[in-house]
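Enquirer: The sequence and its predicted three-dimensional model are supplied below.
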Amino acid sequence: MPHKHEICTMQILLVAATNFEIQPFISTDHTLDVLIAGVGVPSTLYHLQKKLYEKRYDVVIQAGIAGTFSKDSPLGKTYMVKQDTFGDLGIEEKGDFSSVFKLGFASENDFPFEYGWLMNKHLLLSSESVVGVTVNKVSDSEIQKQQLIKAYNPAVESMEGAAFHYVCLQEKISFLQLRSISNHVGERDKSKWKIKDAITSLNIEITKTITLLNG
């Protein structure tokens, strides 16, 4: 890891749901402000908004582990998320899910949404950037998994990503979401998860991203 005087010239805030996801990074010398915003949408919305009222940042980075919908996506790989949305904000009837946008309860292009998505257009996003979806309930339900695939065709699932995008877009602040794959969506057998590998990869990418931002 870079030493304290090497790591940061921009005003950067690092956000995570839990301490352990970014512990390898924050245990080293650094000059970044760190916010442990808590698990889930409500906690992320509140604590991130409060932090941004206290100080203005050049860029905010959210980092955490996530599940993948793809059998081809290697566990332990870290991606940037180019767009996210609230995957279970809607109505379920007879096994079918419809979003608030599809039902006409909200306009899919009301700011900060674009066609129902919370888009990130940061210059660091690459061709490997993926589509995310945010849920309030992580489960082993195959029905829920297929509903999300049908509605959004996402690559990764988290419990905070869309809330993070929402606040940053509302505040018109530059942001990046990093997600490292720890498991396949719907797999609740923790012995098959690769949490340690995902966290190692994630923290390497945090450092790389900060280096690029300061480049």
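Expert: Thanks, I have it.

Enquirer: For the spatially closest residue to residue 41 that is not a sequence neighbour, give me its contacts.
Expert: Excluding the flanking residues, the one nearest residue 41 by Cβ to Cβ, 6 or more residues apart in numbering is residue 163, at 4.4 Å. Placement of C-beta: from N, CA and C, glycine included. By Cβ atoms under 8 Å, 6 or more residues apart in numbering, the contact set of residue 163 is 41, 42, 44, 45, 48, 134.

Enquirer: which residues of this structure fall in helices?
Expert: Per DSSP state H, the chain carries helices over the ranges 4-7, 19-26, 41-54, 142-152, 161-170, 195-214.

Enquirer: Of these, which is nearest residue 178?
Expert: helix 195-214 (5.6 Å; Cβ to Cβ).

Enquirer: Give me the buried positions along the closest one.
Expert: By neighbour count with 16 or more other Cβ atoms under 10 Å, helix 195-214 contains the buried residues 195, 197-199, 201-203, 205-207, 209-210, 213.

Enquirer: what's the distance between the residue most central in space within the chain and residue 54?
Expert: Nearest to the geometric centre of the chain sits residue 161, at 3.3 Å (Cα atoms, centre = their mean). Applying Cβ to Cβ, to the nearest Å, the value for residue 161 to residue 54 is 22 Å.

Enquirer: Okay, and the beta partners of the residue lying closest to residue 174 once chain neighbours are set aside?
Expert: The spatially closest residue to residue 174, leaving aside those adjacent along the chain, is residue 59, at 4.3 Å (Cβ to Cβ, 6+ apart). When assigned by DSSP bridges, residue 59 has beta-bridge partners residue 12, residue 174.

Enquirer: So residue 59 versus residue 87, what's the distance?
Expert: For residue 59 relative to residue 87 (Cβ to Cβ), the value is 25 Å.

Enquirer: ok, the two, which is more surrounded?
Expert: Neighbours were counted for residue 59 and for residue 87 using other Cβ atoms under 10 Å; residue 87 has more, 24 against 19.

Enquirer: Show the contacting residues for the residue lying closest to the more buried one once chain neighbours are set aside.
Expert: Distance criterion Cβ to Cβ, 6+ apart; nearest residue to residue 87, sequence neighbours excluded, is residue 133 at 3.8 Å. Going by Cβ under 8 Å, 6+ apart, residue 133 touches 84, 85, 87, 148, 152, 154, 156, 157, 158, 161, 162.

Enquirer: follow-up on the earlier one: make CSV out of the contacts of residue 163 and add distance to residue 93 and pLDDT.
Expert: Putting the contacts of residue 163 into CSV (distance: Cβ to Cβ, whole Å; pLDDT from 0 to 100) gives the following:
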residue, distance to residue 93, pLDDT
41, 23, 98
42, 25, 98
44, 28, 98
45, 27, 98
48, 33, 98
134, 22, 98
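
Enquirer: These: which two are farthest apart?
Expert: 48 and 134 (13.6 Å).
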